[in-house]
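S.K.: Dropping a prediction and its sequence here:
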Amino acid sequence: MSLTKRILLAMVLGIALGLLLNGFTSPGGWIERYLVEGLFDMVGTIFVNSLKLLVVPLVFVSLVCGTASLGETSRVGPMAGKTVGLYVLTTAIAITLAIGVASLLGPGKGLSLTATGGAEMDVGLSLKDTIVNIFPSNPIQAMADGSMLQVIVFSLLFGFAISRSGEKGRAIAGFFNNLNEVVMQMILMLVQLAPYGVFCLLAKLFASMGFEVFEDLVFYFFTVVGVLLMQCLLVYPALLRALARVNPITFFRKMYPVQVFAFSTASSNATLPYTLSTVEKKLGVDNKVASFTLPLGATINMDGTSIMQGVATVFIAQAYGVDVGIMGYLMVVLTATLASIGTAGVPGVGMVTLTMVLQQAGLPIEEGIALIIGVDRLLDMLRTSVNVTGDAAVTTVVANSESLLDSDTYEAPADR
């Protein structure tokens, strides 16, 4: 059985077993203690940690290799401009689509809640602090902390310096190219264990989460899911067809194992090694492009998260009877787009940035988040799948514009 089929089978079996355990086991029993919170949680956590182990070395080594190659032709600047521009565009489309659909459907109408005016929450860094924090004062500390934007900036500078260092620079570039092959082999080794990790992660999640959390949030939940599907099945195919002139069906056929992987881990960063491997080997994107655009996308491109924030803002505003207004929603679009920059690709981070968006709209922060947090874990998994799909779609478009997309590899059958 191919790896893709094994991952899908593990996903189905994990969800089925989790729901079975949730329905037929008593809370606090030995099955929950030793199987769900014990074995399943341990294996799932080890698997995700093993993937995260590779993120910093993968991003650093891949970006150095790609930038060292591109630096010789002075293509780093134009490619970076196109990549960031497309990421900001897709994020802005996502949040606008979310607000438009949610305003039309009205998932929060009829709840008639009243805010009690609880304590204000810490809404994070200002825009100035976010920009300043992109540039590292200590690259080793940035790698230790997993500050991906800082790692990216240092990697770009280091790779560009290699490209301008003549013969000695080529020797260093050769070392990093060899190191990149070793890191990719580590990724392939870990990905073979993916079905076991996916099974344990999903079995643990669905065993812990019953259907009662959906009772008051069904309309909100399916509104978010609907907009996520629109972004994934309408916006990205249009982008691929119009700008890259490739077949979107081929793209999705080769990306759906990555989407399943992202769904199970709920982390763009944990999925990054598998995304990079798939985009290079199955979609035919040159490493020079993929090693730059994908790590950047896992850090700043959060289309799925922006969709959740847009729908949640409208839902909370309607639930509490607050009229945000056209200008208020325009500011929400701007805030959510900027908030995605510097957002770590880790589970649950959307709730952190949602505080900034709710404050901008003048909505109750603590009560608003408490209202929707019951279903956020499942939505987090879905929006991570959309995030990685957007990263790969933009990467394909940028690669095609740089003539670094191998059409034969892209059109080849997805046999694994």
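M.R.: Yes, it's here. Note that this is a predicted model, so its numbers are computed, not measured.
S.K.: switch to C-alpha atoms for all contacts and neighbour counts from now on
M.R.: Fine.
S.K.: which stretches of this protein aren't confidently modelled?
M.R.: For the chain, the stretches flagged by pLDDT under 70 are 26-28, 70-76, 110-130, 148, 209-216, 337-353, 356, 360, 374, 415-416.
S.K.: how about Tyr329, what does it touch?
M.R.: Ile99, Ala361 (CA atoms under 8 Å, 6 or more residues apart in numbering).
S.K.: distance of it from Ile300?
M.R.: 21 Å (CA to CA, to the nearest Å).
S.K.: Repeat that for Ala393.
M.R.: As for Ala393, its distance to Ile300 is 15 Å (criterion: CA to CA).
S.K.: Please apply the same query to Ile162.
M.R.: Using CA to CA, one gets 26 Å for the distance from Ile162 to Ile300.
S.K.: ditto for Phe263
M.R.: 19 Å.
S.K.: same question, Val64
M.R.: Relative to Ile300, Val64 is positioned 19 Å away (CA to CA).
S.K.: Pull the contacting residues for Met1.
M.R.: Listed by CA under 8 Å, 6+ apart, Met1 has no contact partners.
S.K.: wait, Ser277
M.R.: Residues near Ser277 by CA under 8 Å, 6+ apart: Met184.
S.K.: give me the element it is part of.
M.R.: helix 268-281 (DSSP states H and E).
S.K.: quick one: buried residues of that helix?
M.R.: 268-280 (16 or more other CA atoms under 10 Å).
S.K.: what's the answer for stretch 315-329, then?
M.R.: Applying 16+ other CA under 10 Å to stretch 315-329 flags Phe315, Ile316, Ala317, Gln318, Ala319, Tyr320, Gly321, Val324, Tyr329 as buried.
S.K.: And those residues, which is closest to Val153?
M.R.: Lowest distance from Val153 to the buried residues of stretch 315-329 (CA to CA) belongs to Tyr329, with 32.3 Å.
S.K.: where do the helices sit along the stretch 301-416 of the chain?
M.R.: For the stretch 301-416 of the chain, helices defined by DSSP state H, counting those that start in this stretch occupy the ranges 303-319, 325-339, 349-361, 365-372, 376-401, 407-411.
S.K.: wait, which of those helices is closest to Thr25?
M.R.: helix 376-401 (21.3 Å).
S.K.: same for the closest one, what does it pack against?
M.R.: helix 76-105, helix 218-230, helix 236-239, helix 248-265, helix 268-281, helix 287-300, helix 303-319 (3 or more CA pairs under 8 Å, 6 or more residues apart in numbering; DSSP states H and E).
S.K.: how long is stretch 311-330 from one end to the other?
M.R.: 14 Å.
S.K.: so how far is it from its chain's centroid?
M.R.: 25 Å (CA atoms, centre = their mean, to the nearest Å).
S.K.: go on, stretch 84-104?
M.R.: Chain-centre distance of stretch 84-104: 15 Å, with CA atoms, centre = their mean.
S.K.: Phe135 contacts Ser155, correct?
M.R.: No - between Phe135 and Ser155 there is no contact under CA atoms under 8 Å: 11.3 Å.
S.K.: Neighbour count: these two, which is higher?
M.R.: Legend: neighbour count by other CA atoms under 10 Å for Phe135 and Ser155, higher for Ser155 (24 against 16).
S.K.: Now do the same for that one: helix, strand or coil?
M.R.: Using DSSP: H, G, I helix; E, B strand; the rest coil, the structure places Ser155 in helix.
S.K.: Out of the helices and strands packed on helix 376-401, indicate the one that is most buried.
M.R.: Highest mean neighbour count among those (mean count of other CA atoms under 10 Å): helix 303-319, with a mean of 28.
S.K.: what packs against it?
M.R.: Using 3+ CA pairs under 8 Å, 6+ apart, the elements in contact with helix 303-319 are helix 76-105, helix 218-230, helix 325-339, helix 349-361, helix 376-401.
S.K.: Out of the ones you listed, the one nearest Glu32 is which?
M.R.: Closest approach to Glu32 among the helices and strands packed on helix 303-319 (CA to CA): helix 376-401, 19.1 Å.
S.K.: can you pull the buried residues of that closest one?
M.R.: Using 16+ other CA under 10 Å as the test for burial, helix 376-401 gives 376, 378-400.
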